[in-house]
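1. this one's sequence-less:
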């Protein structure tokens, strides 16, 4: 799978998994669906194990649990983490998307910010 995670996003995901309370073998579940400013809407959670139908994608030692539709939509995407004085969250850079260019604080076509409040941490079973 052609998916890139920047060092800042990797650092944040590692912290989420480490302190998410789902155990040592936990992973970061990323569910992406059509919608939102860049053409993608996202939900995140720390999970003890993948759900039925999820694929486990390992990038730099990080376990990502990705549903089938998410794998298709994330093909070629770079996931970054941005932190500013007024907001912080993930930013998806999709070279294949034209984006709307006017939504949110992102002026980059094909980029969408996802606020931290969209991330749900679930405890292990």
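-> Yep, that arrived. Quantities reported herein were computed from a predicted structural model and do not represent experimental measurements. Residues are numbered from 1 along each chain as shown.
2. show me where this structure has helices.
-> Along the chain, counting by DSSP state H, helices occupy 7-19, 68-73.
3. so who does the residue nearest the centre of the chain touch?
-> Centroid check for the chain by C-alpha atoms, centre = their mean gives residue 30 as the closest residue, at 5.1 Å. Residue 30 makes contact with 42-44, 64-66, 70, 74 under the criterion C-beta atoms under 8 Å, 6 or more residues apart in numbering. All C-beta atoms are positioned from the backbone trio N, CA, C, and that covers glycine.
4. Could you do residue 12 as well?
-> By C-beta under 8 Å, 6+ apart, the contact list for residue 12 reads 81, 90.
5. repeat that for 7 Å
-> When contacts are counted by C-beta atoms under 7 Å, 6 or more residues apart in numbering, residue 12 touches residue 81.
6. From residue 84, how far off is it?
-> Here the criterion is C-beta to C-beta, to the nearest Å. By it, residue 12 lies 14 Å from residue 84.
7. Also residue 59?
-> Separation of residue 59 from residue 84 (C-beta to C-beta) stands at 25 Å.
8. Spatially, what comes nearest to residue 74 if we skip its sequence neighbours?
-> In space, and not counting its chain neighbours, residue 74 is closest to residue 3: 5.2 Å by C-beta to C-beta, 6 or more residues apart in numbering.
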